[in-house]
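Novice: just need the structure, nothing else, for what follows:
(4 chains)
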There are 2 protein chains.
Amino acid sequence: MNDFSAAIALPAAITTQFKDWEARGFDADRCPMRNILDRIGDKWTMLVLMALAVEPRRFGMLMRVVPDISKRMLTQTLRLLERDGLITRHVFATTPPSVEYRLSPLGCSVLEPLHALAQWAEANFASITFARARYDDGLGRTDP
Amino acid sequence: MNDFSAAIALPAAITTQFKDWEARGFDADRCPMRNILDRIGDKWTMLVLMALAVEPRRFGMLMRVVPDISKRMLTQTLRLLERDGLITRHVFATTPPSVEYRLSPLGCSVLEPLHALAQWAEANFASITFARARYDDGLGRTDP
DNA sequence: CGGCATCCGAATAGATACTG
DNA sequence: CAGTATCTATTCGGATGCCG
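Specialist: Here you go, the predicted model:
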């Protein structure tokens, strides 16, 4: 009844949503949330999406702007995003060939909730860092 | 100028945010977004958070309600969430002992942007599934 | 009941070399 | 330039067993 009181102020939609997933057996193939988290949650996807949000970019440019990514992982990340319809791929028959990637409307639209999440992360990062330091000092066990 | 036009309608805040990360060198330790994605993006965290959003739960109950999770992974997930201050742990000295987990106010607050993301996923899952089927049929290469 | 410690196979991702 | 292919190092996660 203490600090959980904040939870009951949450939209009941969240509870509804969980029960919805539960009813479907949480099957990863059928659960949209697990689907997109599998994609967004990996090491590089978010950075690639953000880089493309700034402007369309070519493969080599993405290599330069996304720090430390390998060609292998960039290719894989782009393929998965293209497969999901979040980005489109445009080949120009120049020599040497150039390939440009850009966000699709769908890819653009996902940036909105992602931006909200980024805002939350920014706003609460200090709290998290503090909690971590506390926990690591052995004082963090909430109820020891 | 075609389907990227939607992107330039996005709040410039996204571009700003990316450049912000860029300026900090994308250091994962200092980038809040990469921090929380590392946590949220793993296999179980989201499901545990959602389960706790419904109501506070004990360890054994979480085992039952989160499908297929092992004790090992549940423990690890709970520890990391506790360390980050998103959940609290409450020990009751009964016999046998019982331990209850509940969302902290911080943990509650993150559910809001996560719910927005879940809503997006729900609303666009059909588009994604369609795009995947198209791609897998070999018709998907956007510009071949 | 609620863990922790250990082991091991599976999945991930980096490095490197080669190609149209 | 924009990839593909292969190999290897690391990480992740499931199974098992033990304990207060």
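Novice: get me the contact residues on chain A for DNA strand D.
Specialist: Residues of chain A lying close to DNA strand D (C-beta under 7 Å from any atom of the strand) are A:58-61, A:71-72, A:75, A:78-79, A:89, A:96-100. For every residue, glycine as well, the C-beta is placed using N, CA and C.
Novice: if we go to 10 Å?
Specialist: Taking C-beta under 10 Å from any atom of the strand as the criterion, chain A approaches DNA strand D at residues A:41, A:43, A:57-64, A:70-76, A:78-79, A:82, A:89-92, A:94-101.
Novice: I'd say A:Leu81 and A:Val48 touch.
Specialist: Yes: taking C-beta atoms under 8 Å as the definition, A:Leu81 is a contact partner of A:Val48 at 6.9 Å.
Novice: distance of the residue nearest to A:Val48 when sequence neighbours are not counted relative to B:Leu37?
Specialist: In space, and not counting its chain neighbours, A:Val48 is closest to A:Thr77: 5.3 Å by C-beta to C-beta, 6 or more residues apart in numbering or on different chains. Going from A:Thr77 to B:Leu37 by C-beta to C-beta, to the nearest Å gives 14 Å.
Novice: ok so, going back, and the helix or strand harbouring the residue nearest to A:Val48, what's buried?
Specialist: A:Thr77 belongs to helix A:71-83 when assigned by DSSP states H and E. Residues A:Leu74, A:Thr77, A:Leu78, A:Leu80, A:Leu81, A:Glu82, A:Arg83 are the ones in helix A:71-83 that count as buried (16 or more other C-beta atoms under 10 Å in any protein chain shown).
Novice: next up, the contacts around the residue nearest to A:Val48.
Specialist: By C-beta atoms under 8 Å, 6 or more residues apart in numbering or on different chains, A:Thr77 lies in contact with A:Asp42, A:Trp44, A:Thr45, A:Val48, A:Ile69.
Novice: quick one: A:Gln119 and B:Pro113 touch, right?
Specialist: Yes: contact status for A:Gln119 versus B:Pro113: in contact at 7.4 Å, counting by C-beta under 8 Å.
Novice: of the two, give the one with the bigger neighbour count.
Specialist: Comparing A:Gln119 with B:Pro113 by other C-beta atoms under 10 Å in any protein chain shown, the one with more neighbours is B:Pro113, at 20 against 15.
Novice: am I right that that one sits in a helix?
Specialist: Yes: counting by DSSP: H, G, I helix; E, B strand; the rest coil, B:Pro113 is part of a helix.
Novice: OK, contacts around it?
Specialist: Neighbour list for B:Pro113: A:Pro113, A:Ala116, A:Leu117, A:Gln119, A:Trp120 [criterion: C-beta under 8 Å, 6+ apart].
Novice: then A:Asn35?
Specialist: Contacts of A:Asn35 by C-beta under 8 Å, 6+ apart are A:Ala28, A:Asp29, B:Ala121, B:Phe125, B:Ile128.
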